[in-house]
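> mind folding the following:
(chains A, B and C)
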Amino acid sequence: MSESKRAFAVVRLADQWYVACRSTDLRRRPLARTILDEPLVLFRDGEGRPTALLDRCAHRNLPLSQGRVVDGLLECAYHGWRYGRDGACRLVPGLVGPDEDGKGRVVPSRAVCEQQGVIWVFAGTGTPRSEPFRFPHLEDARYTTVTADMRVEATLLSTLENQLDVPHTAFLHRGLFRGGARHEVTAVVRRFADRVEAEYVGEPRPSGLAGRLLAPEGGTVAHVDRFVLPSISQVEYRLGERSHLAITNALTPETEFSTRIHSVISFRLPLPGLLVRALVSPVARRIMAQDARILRLQTETVRRFGEERYVSTPIDLLGPHVWRLLKEAEAGHRETVSGEPAVEKRVQLII
Amino acid sequence: MSESKRAFAVVRLADQWYVACRSTDLRRRPLARTILDEPLVLFRDGEGRPTALLDRCAHRNLPLSQGRVVDGLLECAYHGWRYGRDGACRLVPGLVGPDEDGKGRVVPSRAVCEQQGVIWVFAGTGTPRSEPFRFPHLEDARYTTVTADMRVEATLLSTLENQLDVPHTAFLHRGLFRGGARHEVTAVVRRFADRVEAEYVGEPRPSGLAGRLLAPEGGTVAHVDRFVLPSISQVEYRLGERSHLAITNALTPETEFSTRIHSVISFRLPLPGLLVRALVSPVARRIMAQDARILRLQTETVRRFGEERYVSTPIDLLGPHVWRLLKEAEAGHRETVSGEPAVEKRVQLII
Amino acid sequence: MSESKRAFAVVRLADQWYVACRSTDLRRRPLARTILDEPLVLFRDGEGRPTALLDRCAHRNLPLSQGRVVDGLLECAYHGWRYGRDGACRLVPGLVGPDEDGKGRVVPSRAVCEQQGVIWVFAGTGTPRSEPFRFPHLEDARYTTVTADMRVEATLLSTLENQLDVPHTAFLHRGLFRGGARHEVTAVVRRFADRVEAEYVGEPRPSGLAGRLLAPEGGTVAHVDRFVLPSISQVEYRLGERSHLAITNALTPETEFSTRIHSVISFRLPLPGLLVRALVSPVARRIMAQDARILRLQTETVRRFGEERYVSTPIDLLGPHVWRLLKEAEAGHRETVSGEPAVEKRVQLII
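Reported below is the predicted structural model:
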């Protein structure tokens, strides 16, 4: 049992790609988003390319997200200054004659990448050295995919742990997901340089509706929970070749205690995708609402006491490892990437 | 005339018994209370004994008050950890095998005492060296007793002074309590090691309904106002052997500017108790509402200016003494307890 | 182009006259006002003279504005202490006998001046060395005058700049005020020791309703925008002898980000005053609402980023000069007053 005393586990991981919004959220109007406490405005330029600028006009500090897009330029609502995708001011209404030093009229911009129906922003002043994360199965025709977006009042770490934690599902979501007859299973935890995962061995089909849809004929499932730096969580269930369910969440830290979740749920099941979707959606929404409430209560208590003060047991399989990976990444350390896990251990638990 | 300049009189008196709630407030559900800024959860164990723990699960810091009581144990709403009356965790769902160090899974507990229909909590980390205060007359069959609970937005000191201050009654509550023909009276103030009281000599029956009930035939009353450390105020009126009214307030400092009041009103009067209660209750409620409003306004101004800055006159009989006793108790000083008052003086005033 | 980096331009100019309220706002009830973060209470004494005290009873710090006026004295709502126009306590109900040191029972007062239908308060602990500003044209029978009062969520500087800034009118208020066919004009900026003004040369009649009322037959107007220390802004339009419109705003800084505006709009036009008023009022209200919204958005962004960070161009004619005059006055510096401007320059702009 380990204890993390009197330490805020709040992590601030800058110079990373985070999901800003879905492609369909950004149309003709500018869109305000906050990432890592930084207010940003997103808009599409004349060719439809997404752009992210600091949400503050260089002139008199109006929020540019309150303006409009004109001819692919973002126009401030106060004096009508217009900015291009590089953040440079292209027009100052009323200004005539030589203007020696137009270079100062610029709003800082952030790198943007639109792929797989999502707009990613590189939060931070550095230069991206890699591409954003790619969601699996989206281009595989055998899979049906559903996406969902929500926001929770919780730190990045608490949200990640909640998504990857198995024990609470049998208690908090009992009846909806787990919580029927209980079984002792073995989990193998493996931590790599940029990720940590827990693989469950010999886990019976989860009870409840979700389990019956996944494996109508019962049997044991292959189940893996995974965190990938900087803010991806994955939950996968597999039953032989016929059934596969993969939930991938890309999290965006807005502020210390506010986190956005973009969920991509891909599945290949013996039943028709539309039917599965219709049956599962109401249950999934109730589960998400229960988790959102729990995270909000956790946040309120942490704020009231002015600290996180967690005690963990061996069955808190991933949370402490996620915390370690985040903290190391924040400090700029990273274990050498190799095929071998830095940590591997087996834990018994009842689920 | 004394002046207490540029000093917050906010006092924080830890390691004391304070009223948490009435016995009837604590049934099957856990109950959240804040005392001296500390969030607590109260619940009854399997034998019905009240228990107070810090309102934060040791595991992931959920507020335990959002959980439920199962088999006399308090269960957290997130993972179902269960705690006993000593704060030790008795169950971690899903955990199997040897668990080396279960001792760390504990939530701090506070001493609790249930007596006279009230649950007291010993706020602070120390050990109680005494019993909680006992309300007088509760066990005396000749008395009728009514209790009332309320909360005011004010410091402990301001609330105590308001309850023990006579001059404002003739002004703020005029028509309801005092404020008829005015009389000059003598008050004798006596401060002891743990209390201070003002005895009024030759005070005519208060005008208004309350006075007529207390002494239907008029006459002079014996009237004493008293503060007892750490947070008890008492107001007593006596007319010979037949009439006696004693109001005892036990105050609980929730936060700097929020104070709970548990009032015990005991009386023995020539009229039937139920009749007195029916006649007096609406008036008492109006008086309490007027005081609550005044205290809230005082608090708002003190916060806006960032300080208390009080000027007192000789007829502010008890407030400055209450402040001194509280401050000394906070600093750990206390005058030697003896039968003789440390201070005794006579003051003339018109009421 | 100049840049004022990482500096809050919030200015706090104490020991100045500011408008507290209109004469008609102060009748029988005391009135609460905040000026430069200081809560004040205004009331009229027995002779109807306005008085301003700190809004805090010397005794137990109740807000005196929650009391009432009795016989020309301001009475506190808690114990009934009564204060005169000098802030000295004249009555303590219940107090008898010798009271050695009544001098301490006093609430600080502020100098007050009532003129032209407005009550000015000298905010600060100093002594006024001058009279408050006098609004022009109020005593001239040829002028019709309308007044308006509002409050904006903005700093004194941002509000002044907004009122004196021409470029935004053609953009933000287009259709209402300016924004028709555009013309290049010359502005002459002159900064004096206590003021700065911009005179527009060869400006065509503004388009929109306001312009047509001002100059039904078209032509060019003489237009001057002016700031006068500490917080007066003026906008004047003249067309020969027949048409003159002068808007004078006296601003009152309540708190850092809250500013009151008392506007005096005087005009002499070829059309009847009442007709002009009926036609112009709805347009003026829409313009003011647009400006109030813009100022609120600016304030929100400045607060969110924790700083003002402005880039200016040559057509930000007056803002940077207003900032300089305010900053110099705040620091106690002031250029020698003389008839000659310290700065004079010509700027071309399109309006």
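> flag every residue of the stretch 151-300 of chain A that's near chain B.
With C-beta under 8 Å from any C-beta of the partner chain as the criterion, the stretch 151-300 of chain A meets chain B at residues A:158, A:161, A:166-168, A:170-172, A:184, A:294, A:297-298, A:300. To be clear about C-beta, it is placed using only N, CA and C from the backbone, and glycine gets the same treatment.
> just flag the most distant two among the residues you listed.
Across these, no pair lies farther apart than A:Glu184 and A:Glu300, at 34.7 Å, counting by C-beta to C-beta.
> quick one: which of these two has more around it?
A:Glu300 (17 against 12; other C-beta atoms under 10 Å in any protein chain shown).
> just to be sure, that one is in a helix?
Yes: under DSSP: H, G, I helix; E, B strand; the rest coil, A:Glu300 sits within a helix.
> contacting residues for it?
A:Glu300 is in contact with B:Pro63, counting by C-beta atoms under 8 Å, 6 or more residues apart in numbering or on different chains.
> could you report the pLDDT at it?
For A:Glu300, the model assigns a pLDDT of 97.
> ok, how many other residues are close to A:Gly332?
Using other C-beta under 10 Å, A:Gly332 has 7 neighbouring residues.
> ok, now A:Asp45?
Using other C-beta under 10 Å, A:Asp45 is surrounded by 16 other residues.
> ok, now which ones touch it?
Contacts of A:Asp45 (C-beta under 8 Å, 6+ apart): A:Thr51, A:Gly72, A:Leu73, A:Gly84, A:Arg85.
> give me the three-state assignment for the closest residue to the first one other than its chain neighbours.
Nearest non-adjacent residue to A:Thr51, counting by C-beta to C-beta, 6 or more residues apart in numbering or on different chains: A:Arg85, 4.1 Å away. Taking three-state DSSP as the rule, one finds A:Arg85 in the coil state.
> ok now stretch A:60-77, how far from the chain's centre?
With C-alpha atoms, centre = their mean, to the nearest Å as the basis, stretch A:60-77 stands 28 Å off its chain's centre.
> swap in stretch A:238-245?
In this view, stretch A:238-245 has its centroid 25 Å away from the chain centroid, taken as C-alpha atoms, centre = their mean.
> which of the contacts of A:Asp45 lies closest to chain C?
For the contacts of A:Asp45, the minimum distance to chain C (C-beta to the nearest C-beta) is 14.2 Å, reached by A:Leu73.
> check the gap between the closest one and chain B for me.
Noted for A:Leu73: a distance of 46 Å to chain B, by C-beta to the nearest C-beta, to the nearest Å.
> which residues does that residue contact?
Per C-beta under 8 Å, 6+ apart, neighbours of A:Leu73: A:Asp45, A:Gly46, A:Arg82, A:Tyr83, A:Gly84, A:Arg90, A:Leu91.
> just the pLDDT at the nearest residue to A:Thr144 once chain neighbours are set aside, thanks.
Distance criterion C-beta to C-beta, 6+ apart; nearest residue to A:Thr144, sequence neighbours excluded, is A:Gly273 at 3.0 Å. pLDDT recorded at A:Gly273 is 82.
> pull the number of nearby residues for A:Gly273.
Other residues near A:Gly273 come to 16 when the count uses other C-beta under 10 Å.
> measure it to B:Glu139 for me?
73 Å (C-beta to C-beta, to the nearest Å).
> then A:Val96?
93 Å.
> A:Leu36 now?
63 Å.
> give me the more crowded residue out of the two.
A:Leu36 (20 against 10).
> ok, the closest residue in space to that one that isn't next to it in sequence - contacts?
Excluding the flanking residues, the one nearest A:Leu36 by C-beta to C-beta, 6+ apart is A:Ala123, at 4.8 Å. A:Ala123 is in contact with A:Ala14, A:Asp15, A:Gln16, A:Trp17, A:Tyr18, A:Ile35, A:Leu36, A:Glu38, A:Arg110, counting by C-beta under 8 Å, 6+ apart.
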